[in-house]
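**Student:** sequence and predicted structure, then a few things I'm wondering about:
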Amino acid sequence: MPQNEQPSFAELLASTDRSAVHLETRDVYGDSKWFTAWRQGHRTAWGDQES
């Protein structure tokens, strides 16, 4: 390939030898009262259903 030409997307994809995965871990993107409390430094006692 001449130096001034860019490879096509298909050529770039065919030349890959690794992959990356992005995993979303939250079900909701809005704040919840538990997330807001966590951001403010409060920690949940998961064994205590009232916390």
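**Tutor:** Arrived safely, thanks for sending. Numbering: from 1, shown residues only.
**Student:** show me where the chain has its helices.
**Tutor:** Secondary structure of the chain (DSSP state H): helices located at 9-14, 33-39.
**Student:** roughly how far apart are residue 47 and residue 10?
**Tutor:** As for residue 47, its distance to residue 10 is 53 Å (criterion: C-beta to C-beta, to the nearest Å). For the C-beta atoms, the positions are set from N, CA and C on the backbone; glycine is no exception.
**Student:** picking that back up, I'd like the helices of the chain written out as CSV, with mean neighbour count added.
**Tutor:** Putting the helices of the chain into CSV (neighbours: other C-beta atoms under 10 Å) gives the following:
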stretch, mean neighbour count
helix 9-14, 9
helix 33-39, 11
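**Student:** now these as JSON lines including distance to residue 24?
**Tutor:** Output for the helices of the chain, formatted as JSON lines (distance: least, C-beta to C-beta, whole Å):
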{"stretch": "helix 9-14", "distance to residue 24": "23"}
{"stretch": "helix 33-39", "distance to residue 24": "15"}
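**Student:** redo these as JSON lines? Include mean pLDDT.
**Tutor:** JSON lines is the format used below for the helices of the chain (pLDDT from 0 to 100):
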{"stretch": "helix 9-14", "mean pLDDT": "92"}
{"stretch": "helix 33-39", "mean pLDDT": "84"}
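**Student:** and those: which comes nearest residue 25?
**Tutor:** In terms of C-beta to C-beta, the element of the helices of the chain nearest to residue 25 is helix 33-39, at 12.0 Å.
**Student:** now what about that closest one, what contacts it?
**Tutor:** Applying C-beta atoms under 8 Å, 6 or more residues apart in numbering, the contact partners of helix 33-39 are residue 44.
**Student:** what's residue 16 sitting at in phi/psi?
**Tutor:** Dihedral pair for residue 16: phi -70, psi 150, per degrees, to the nearest 10.
**Student:** burial count for it?
**Tutor:** 8 (other C-beta atoms under 10 Å).
**Student:** how close does it get to residue 27?
**Tutor:** Residue 16 is 31 Å from residue 27, by C-beta to C-beta.
**Student:** over to residue 44?
**Tutor:** From residue 44 to residue 27 the distance is 16 Å (C-beta to C-beta).
**Student:** neighbour count winner among the two?
**Tutor:** A count of neighbours by other C-beta under 10 Å puts residue 44 above the other of residue 44 and residue 27, at 10 against 6.
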